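Novice: 3D, please:
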Amino acid sequence: MPRKAQNESVADAHAAPGGAAAVDRALSLVSAFRTGDAALTLAELAARTQLYKSTVLRMLASLEHARLVQKLEDGRYALGAEVARLHGIYAASFSLDRVVLPVLKTLVARTGESAAYHVRQGEARLCLYRVDSPHPIRDHIRAGDILPADRGTGARVLAAFDPVRSKGAAARDRKLFAAIREHGYYAASGDRLAEVAGISAPVFHADGSVAAAVTLTMPTHRYEQRYTKPVLEAARALSGQV
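Specialist: Numbering: from 1, shown residues only. Just a heads-up that it's a prediction; the model follows:
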């Protein structure tokens with residue numbers, strides 16, 4: 001009879017609804033590799049996934065067969081050639097609008113307000129994507145518009161999570177940026193335009209650096225604190241994909 005794990009594995013804690021547990025566990029081994037890892041020992045893989053070494057070995061046999069993992073001469077394990085092949089296919093077919101726009105549309109459907117995706121562009125910021133609120137009264141920013149880098153909730157979030165700009169900011173701004181990083185978002189009224197409120201949250205690259213800001217805007221009289229949750233969920237859904 002198999003032993004019952006004392007601690008829940010990473011795969012079991014984040015199991016795919018309706019999925020196969022064995023597949024979840026095998027893929028958790030691939031996901032165990034982090035930036036800077038050239039190779040990992042069996043012990044390191046077991047520790048990072050919270051799986052028994054015997055289970056890890058069985059999973060590795062299948063992953064090696066699929067060339068997703070390769071065993072090195074020193075006994076450590078590295079990612080295999082199949083990962084590079086799949087990455088090439090993904091990179092060639094990647095379309096940012098197919099990733100971002102569905103998330104923004106869902107955010108608008110949940111809140112009834114306008115959603116945008118802002119990126120830094122030199123000394124300004126660019127509204128790269130925008131989905132308008134169905135309400136006739138709204139702010140009229142369009143995709144492609146250049147906005148200030150020092151005003152608006154999106155601007156504050158992009159600066160707060162940029163180590164260089166945050167460190168070089170004035171003392172008052174550094175205090176604000178620290179609070180934004182602590183809370184994980186920024187909400188304000190009239191920061192860029194009078195009578196317009198906004199809620200912004202950061203979107204991160206896979207390496208942890210800030211990629212963009214997801215922003216929800218609305219007239220101040222329609223602002224509701226409950227909109228913070230869907231904004232945060234939208235930003236998390238995009239993080240690691242852009």
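Novice: end-to-end on stretch 212-227?
Specialist: Stretch 212-227 has an end-to-end distance of 19 Å (criterion: C-alpha to C-alpha, to the nearest Å).
Novice: ah, wrong one, I meant stretch 139-155
Specialist: Taking C-alpha to C-alpha, stretch 139-155 runs 16 Å from one end to the other.
Novice: tell me which residues in stretch 53-65 are buried?
Specialist: By 16 or more other C-beta atoms under 10 Å, the buried positions in stretch 53-65 come out as T55, V56, M59, L60, L63. Just so you know, the C-beta spots here come from the backbone N, C-alpha and C atoms, and that holds for glycine as well.
Novice: Could you dump the residues you listed into CSV and include distance to R120 and secondary structure?
Specialist: Shown next, in CSV, are these (distance: C-beta to C-beta, whole Å; DSSP: H, G, I helix; E, B strand; the rest coil):
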residue, distance to R120, secondary structure
T55, 44, helix
V56, 41, helix
M59, 40, helix
L60, 41, helix
L63, 38, helix
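Novice: so who does E195 touch?
Specialist: Contact analysis of E195 by C-beta atoms under 8 Å, 6 or more residues apart in numbering lists S189, P219, T220.
Novice: So for the longest helix belonging to the chain, mean pLDDT?
Specialist: In the chain, with assignment by DSSP state H, the single longest helix is helix 96-111. Mean per-residue pLDDT for helix 96-111: 96.
Novice: how far does it sit from the chain's center?
Specialist: Helix 96-111 has its C-alpha centroid displaced from the chain centroid by 14 Å (C-alpha atoms, centre = their mean, to the nearest Å).
Novice: and what of stretch 42-61?
Specialist: Relative to the centre of its chain, stretch 42-61 is centred 27 Å away, using C-alpha atoms, centre = their mean.
Novice: now could you export just the CA positions of it as CSV?
Specialist: C-alpha atoms of stretch 42-61 as CSV (Å, rounded to 0.1, in the frame of the first residue of the first chain):
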residue,chain,number,x,y,z
LEU,A,42,16.9,14.6,-7.2
ALA,A,43,16.8,15.9,-3.7
GLU,A,44,16.2,19.5,-4.9
LEU,A,45,13.4,18.4,-7.2
ALA,A,46,11.8,16.4,-4.4
ALA,A,47,12.1,19.3,-2.0
ARG,A,48,10.6,21.9,-4.4
THR,A,49,7.7,19.7,-5.4
GLN,A,50,7.1,18.1,-2.0
LEU,A,51,7.0,14.6,-3.7
TYR,A,52,8.7,11.5,-2.5
LYS,A,53,12.0,10.8,-4.3
SER,A,54,10.6,7.4,-5.5
THR,A,55,7.7,9.3,-7.1
VAL,A,56,10.0,11.9,-8.6
LEU,A,57,12.2,9.1,-10.2
ARG,A,58,9.1,7.5,-11.8
MET,A,59,8.0,10.9,-13.2
LEU,A,60,11.4,11.7,-14.4
ALA,A,61,11.6,8.5,-16.4
